[in-house]
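1. Predicted structure and sequence below. I'll ask about it afterward.
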Amino acid sequence: MDHVTPLTAAPQNHPPIAFGRVGVLLINLGTPEHLTDASVRAYLAEFLSDKRVVDYPSILWQPVLRGIILRTRPAKTRAAYAKIWDRETDESPLRRYTREQAEKLREKLPSEIVVDWAMRYGVPGTAATLQKMQDMGCDRILLVPLYPQYSATTTGTACDAAFAWAQKQPWQPALRVMPAFHDNPGLIAALAGLCRAHVTEKTERVILSFHGLPERYFKQGDPYHCHCHKTARLMREALGWSEEFAPVAFQSKFGPEKWLEPSTESLVITAAEEGLTNIAVVTPGFVSDCIETLEEVGIGLAETFEEAGGETLTAIPCLNSSDAFIDVLNGLVRRELGGWMPSES
Ligand SMILES: C=CC1=C(C)c2cc3[nH]c(cc4nc(cc5[nH]c(cc1n2)c(C)c5CCC(=O)O)C(CCC(=O)O)=C4C)c(C)c3C=C
Ligand SMILES: [Fe+2]
Ligand SMILES: [Fe+2]
């Protein structure tokens, strides 16, 4: 706090400005604010109108989005959220874990550093949270997109939102962006630990399932596919697993375009058809459990596996707000704050 100029010290007629603090902002994707069709619709409308996510010309895409998708999908998506919603805190798991990650990271960093969290879509918004941090005197802010693997559809757009806010500021804070951490040794060790805790002698295959993308984005140069495969290779090396035992797959396909393959669903069905009865799915592209891991994999794909003749599909939880993940984040954030840590200035 010693760097913050007290507002009373401002010269006469000078606007009150606080400065001198360092901030860390964790940013995740976003999630509906409430468990209602209206909330889900607002969230999907914002998310699916982002050109980084769906790049079709607006003149073609908006009528499809407004006329079909936002009329039919919210009820289906709300029903899926209803299966996983945290009724105690009245929030989605993604929101809860992101909040807890920020709270726990705050305890690990010097108290002068402002640590907050935001969503790219929905509430609390990225711009509003950056504004709050600036009002608290943050003139240097580290953006931490919570995606181990870079994609323009996630990390890229989180940065877009932050820089769009910054563009409007008379005094723009210095902004740093934490790079992708898909090959960070700490992350790989934490993911390997998670797998060791959930994979037993009975487990016949572990699918390493990442959120998918249109294949076209990969061909246009999005490195996400390569980042996913590197995370997977490093995990296998750490665990002594073969590619046959632990193959990569991509989940959560949306729309009619060709997405990255193979799909997680196809590998789950193949495993059952091969006569496997006990498989696991780990989702190393998601740091927090969410609708895609808990409902799509933990409920939906577990049913698919059973229907195809399998018995048990174990959905391995994400790192969430575990001590292991907070240690990873703490290490990454301290590295990226080089020269900005209070003791160094
Ligand atoms: C074109 C559509 C989509 C792209 C591209 C996409 C990329 C992408 N998404 C994540 C992570 C998450 N996505 C989540 C939900 C979600 N994703 C899409 C569509 C695309 N995602 C939709 C329509 C939804 C909403 C749910 C639904 O209606 O099915 C979530 C979960 C949010 C939650 O509240 O739980 C996450 C996390 C990544 C990592 C990614 C590209 C790499
Ligand atoms: Fe998604
Ligand atoms: Fe690749």
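-> Great, that's in hand. Ligands and ions are numbered 1, 2, ... in the order given.

2. now the closest residue in space to Gly122 that isn't next to it in sequence: how far from Ile291?
-> Leaving aside its chain neighbours, Gly122 sits nearest to Gly30 (4.2 Å; criterion: Cβ to Cβ, 6 or more residues apart in numbering). Yep, even glycine has a C-beta here, placed from its N, CA and C like the rest. For Gly30, the distance to Ile291 (Cβ to Cβ, to the nearest Å) stands at 11 Å.

3. sorry, back to before: make sure the residue nearest to Gly122 is actually in contact with Pro124.
-> No. Look at Gly30 against Pro124 with Cβ atoms under 8 Å: they stay out of range, at 9.9 Å.

4. so what's in contact with Gly30 and Ile291 at the same time?
-> Common contact partners of Gly30 and Ile291 (Cβ atoms under 8 Å, 6 or more residues apart in numbering): Leu94.

5. surely Leu234 meets Asp183?
-> Yes. Using Cβ under 8 Å, Leu234 is in contact with Asp183, at 5.9 Å.

6. For the two, indicate the residue with more neighbours.
-> Taking neighbours as other Cβ atoms under 10 Å, Leu234 and Asp183 compare with Leu234 leading, 20 against 14.

7. Return the set of buried residues in stretch 209-226.
-> Neighbour-count burial for stretch 209-226, counted by 16 or more other Cβ atoms under 10 Å, picks out 209-214, 217-218, 222, 224-225.

8. With stretch 306-318 instead?
-> 310, 313-318.

9. Summarise which helices and strands the helix or strand containing Cys195 is packed against.
-> Using DSSP states H and E, Cys195 sits within helix 185-198. Other helices and strands packing on helix 185-198, by 3 or more Cβ pairs under 8 Å, 6 or more residues apart in numbering; DSSP states H and E, are helix 224-239, strand 278-282, helix 323-336.

10. one more time with 6 Å
-> Counting contacts by 3 or more Cβ pairs under 6 Å, 6 or more residues apart in numbering; DSSP states H and E, helix 185-198 is packed against helix 224-239, helix 323-336.

11. Quick one: residues in contact with the last one.
-> It refers to helix 323-336. The contact list for helix 323-336, computed with Cβ atoms under 6 Å, 6 or more residues apart in numbering, reads 24, 104-105, 108, 142, 178, 181, 186-187, 190, 319.

12. I'd like to know which of the helices and strands packed on helix 185-198 lies nearest to Glu201.
-> Comparing those against Glu201 with Cβ to Cβ, the closest turns out to be helix 224-239 (14.0 Å).

13. Can that closest one be said to contact ligand 1?
-> Yes. Using Cβ under 6 Å from any ligand atom, helix 224-239 reaches ligand 1 at Tyr224.

14. quick one: the residue of the stretch 101-250 of the chain found nearest ligand 3 from ligand 1, how far?
-> Here the stretch 101-250 of the chain gets closest to ligand 3 at one residue, Cys226, 3.5 Å apart by Cβ to the ion. Noted for Cys226: a distance of 12 Å to ligand 1, by Cβ to the nearest ligand atom, to the nearest Å.

15. how about the helices in the stretch 101-250 of the chain?
-> 126-135, 157-166, 185-198, 215-219, 224-239 (DSSP state H, counting those that start in this stretch).

16. Any idea how far apart the tips of stretch 14-26 sit?
-> Terminal residues of stretch 14-26 lie 32 Å apart, using Cα to Cα, to the nearest Å.

17. Show me which positions of that stretch end up buried.
-> Buried, per 16+ other Cβ under 10 Å, within stretch 14-26: 18, 21-26.

18. and what of stretch 123-137?
-> Result for stretch 123-137 [16+ other Cβ under 10 Å]: buried residues 123-126, 129-130, 132-134, 137.

19. Could you single out the nearest of the residues you listed to ligand 1?
-> Distances from ligand 1 to the buried residues of stretch 123-137, taken as Cβ to the nearest ligand atom, are shortest for Val123 (12.1 Å).

20. just checking, which of the contacts of helix 323-336 belong to strands?
-> Among the contacts of helix 323-336, the ones falling in strands (DSSP state E) are 24, 142.

21. How is this protein divided into domains?
-> Per automatic domain parsing, the structural domains of the chain span 37-82, 185-315.

22. would TSV of the helices of the stretch 101-250 of the chain with mean pLDDT be doable?
-> Shown next, in TSV, are the helices of the stretch 101-250 of the chain (pLDDT from 0 to 100):
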stretch	mean pLDDT
helix 126-135	98
helix 157-166	98
helix 185-198	98
helix 215-219	98
helix 224-239	98
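
23. Glu303 sits in which helix or strand?
-> Going by DSSP H and E, Glu303 is part of helix 302-307.
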